[in-house]
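1. I'd like to go over a predicted model; first the sequence, then the structure.
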Amino acid sequence: MDLPELEALLGPAEPKFRARQIYDALYRQRVSDLLQVTNLPKPLRTRLSEEASVGLPSIERHYDSTDGTRRYLFRLADGKTVETVWMPEEARSTVCISTQVGCPVNCGFCLTALLGLERNLTAGEIAGQVLRVAIDRGLEANIDRLNIVMMGQGEPMLNLADVLKATRLLTDPKGMAISPRRITVSTSGIIPKITELGQAEVRPKLAISLNASTQEQREQIMPITRKYKLNDLLDACRAYPLRPWEKLTCEYVLLKGFNDTDADARRVTKLLANLNAKVNLIALNPGPGIPYETPAPERVASFQNIVQRSLPCFVRKPRGLDVYAACGQLSNNQAQDATGAAGLLPLR
Ligand code: SAH
Ligand code: SF4
């Protein structure tokens, strides 16, 4: 809930500052129980805890990787499960959050696709993943070293209203106070929603999952390309109102022998000409049922070298591969032991 919703919950009989107290307790102090909002009068606290609850996801299990990454399997109020990934680094840390339970988009290289779509997450469930991780990891109130990526389960542009509301909750200086510069949303390319995102006053940075160098190639791995054509997607990116400090991120999953040749790299460079973009290469993270292989590091380096001549180009380091926490691996897998034995286990 945002402030007006909390005011409505309290009703006209309560002074408005009560809603602000609850807002502060939820989003700044991160209470997980309304009875802990001790600056409210006792009767109000009791009434509230009978009528409402702090809808934070609960930690069903967590899986720790040898590289420090922690994958959370969260249980939601209706019993469904969804995943969030915590990636600590020296100077900053990143939380990867989900926007839907499963995903309807059906990309051929992604394990989340195998779940199909179960439902959208609410704004509270999206922002709540960050709060729950912050509580679990004991993050300080001022979490300005935290980056948020909306790159977990789901296609954020198919749940845009709640993604935007969650962004407002995450960025509110009176609440979680995370800068919009530290939040990135990634999309498979739902063109009308990208345009809509560009009109939002408070919005995360935009990343596009490019993943192919031609229309035909992209159709093969991302069937959504039949509906939203590659050229139209790039037009929408060129028309997108980047803020002065913002660059468009283009993600590119490298699939061995499919989209990873030097010719692909040259075509990608051409596609992105006239765009204020940077490229993040992701060598495929494998998984059972995924009919592609990971290219050799030399192939990845050669691809990067070519793109780098024209645009900034980085190789994304896989995090949490051993516990199914890396990009494209989120599939509510419970087979991996929390002790993080090395090597991939079969699904479930
Ligand atoms: N649905 C959104 C955000 C989640 S996926 C999207 O597709 O953009 C986040 C990133 O992981 C995307 O760029 C996607 O292309 C990439 N990805 C998916 N499966 C992958 C895999 N098996 N290995 C590496 N990256 C993968
Ligand atoms: Fe969905 Fe993104 Fe996976 Fe495609 S890559 S299936 S859009 S989560």
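-> Alright, I've got the coordinates. Numbering: from 1, shown residues only. Ligands and ions are numbered 1, 2, ... in the order given.

2. Provide the secondary structure category for whichever residue of the chain sits closest to ligand 1.
-> Nearest to ligand 1, among the residues of the chain, is G328, at 1.9 Å (CB to the nearest ligand atom). In short, each C-beta sits where N, CA and C put it, glycine included. Following DSSP: H, G, I helix; E, B strand; the rest coil, the label given to G328 is coil.

3. Ok, G289 next?
-> coil.

4. Give me the nearest residue to it, chain neighbours excluded.
-> Spatial nearest neighbour of G289, excluding adjacent residues (CB to CB, 6 or more residues apart in numbering): L114 at 6.1 Å.

5. Helix, strand, or coil at that neighbour?
-> helix.

6. Would you check that the residue of the chain closest to ligand 1 makes contact with G289?
-> No. Here G328 does not reach G289: they are 11.8 Å apart, not a contact under CB atoms under 8 Å.

7. higher neighbour count, those two?
-> The residue with more neighbours, out of G328 and G289, is G328; 22 against 10, by other CB atoms under 10 Å.

8. Give the residues shared as contacts by G328 and G289.
-> L111 (CB atoms under 8 Å, 6 or more residues apart in numbering).

9. re the thing from before, quick check: the residue of the chain closest to ligand 1 vs V185, distance?
-> Going from G328 to V185 by CB to CB, to the nearest Å gives 17 Å.

10. I'd like to know which elements the host helix or strand of E219 is packed against.
-> Per DSSP states H and E: E219 is located in helix 215-221. Secondary-structure packing of helix 215-221 (3 or more CB pairs under 8 Å, 6 or more residues apart in numbering; DSSP states H and E): helix 230-239.

11. now the residue nearest the centre of the chain, which residues is it bridged with?
-> The chain has M150 as the residue nearest its centroid, 1.6 Å off, counting by CA atoms, centre = their mean. Beta-bridge pairing for M150 (DSSP bridges): V185.

12. same check, this time on Q100
-> N120.

13. these two touch, right, it and L158?
-> Yes. Contact status for Q100 versus L158: in contact at 6.9 Å, counting by CB under 8 Å.

14. more crowded one of those two?
-> Using other CB under 10 Å as the criterion, Q100 and L158 rank with Q100 on top: 26 against 18.

15. ok, now which ones touch the more buried one?
-> Contacts of Q100 by CB under 8 Å, 6+ apart are L117, E118, R119, N120, L121, Q153, G154, E155, P156, L158, N159.

16. Tell me how many other residues crowd L35.
-> So L35, with other CB under 10 Å, has 13 neighbours.

17. Going by secondary structure, the closest residue to it other than its chain neighbours is in what exactly?
-> Among residues not flanking L35 along the chain, S49 sits closest, at 5.2 Å (CB to CB, 6+ apart). Taking DSSP H and E as the definition, one finds S49 inside helix 42-51.

18. Check which element follows that helix along the chain.
-> Following helix 42-51 toward the C-terminus (DSSP H and E): strand 58-64.

19. and that next one, what does it pack onto?
-> Using 3+ CB pairs under 8 Å, 6+ apart, strand 58-64 sits against strand 70-75, helix 123-136.

20. any chance of the ones you listed in JSON lines, plus distance to F109, mean pLDDT and mean neighbour count?
-> Below are the helices and strands packed on strand 58-64 laid out as JSON lines (distance: least, CB to CB, whole Å; pLDDT from 0 to 100; neighbours: other CB atoms under 10 Å):
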{"stretch": "strand 70-75", "distance to F109": "19", "mean pLDDT": "96", "mean neighbour count": "22"}
{"stretch": "helix 123-136", "distance to F109": "24", "mean pLDDT": "96", "mean neighbour count": "23"}
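
21. can I get the ones you listed in a markdown table with distance to ligand 2?
-> Formatted as a markdown table, these follow (distance: least, CB to the nearest ligand atom, whole Å):
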| stretch | distance to ligand 2 |
| --- | --- |
| strand 70-75 | 15 |
| helix 123-136 | 15 |
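
22. Out of the ones you listed, which is closest to I221?
-> With respect to I221, and counting by CB to CB, the nearest of these is strand 70-75 at 24.5 Å.
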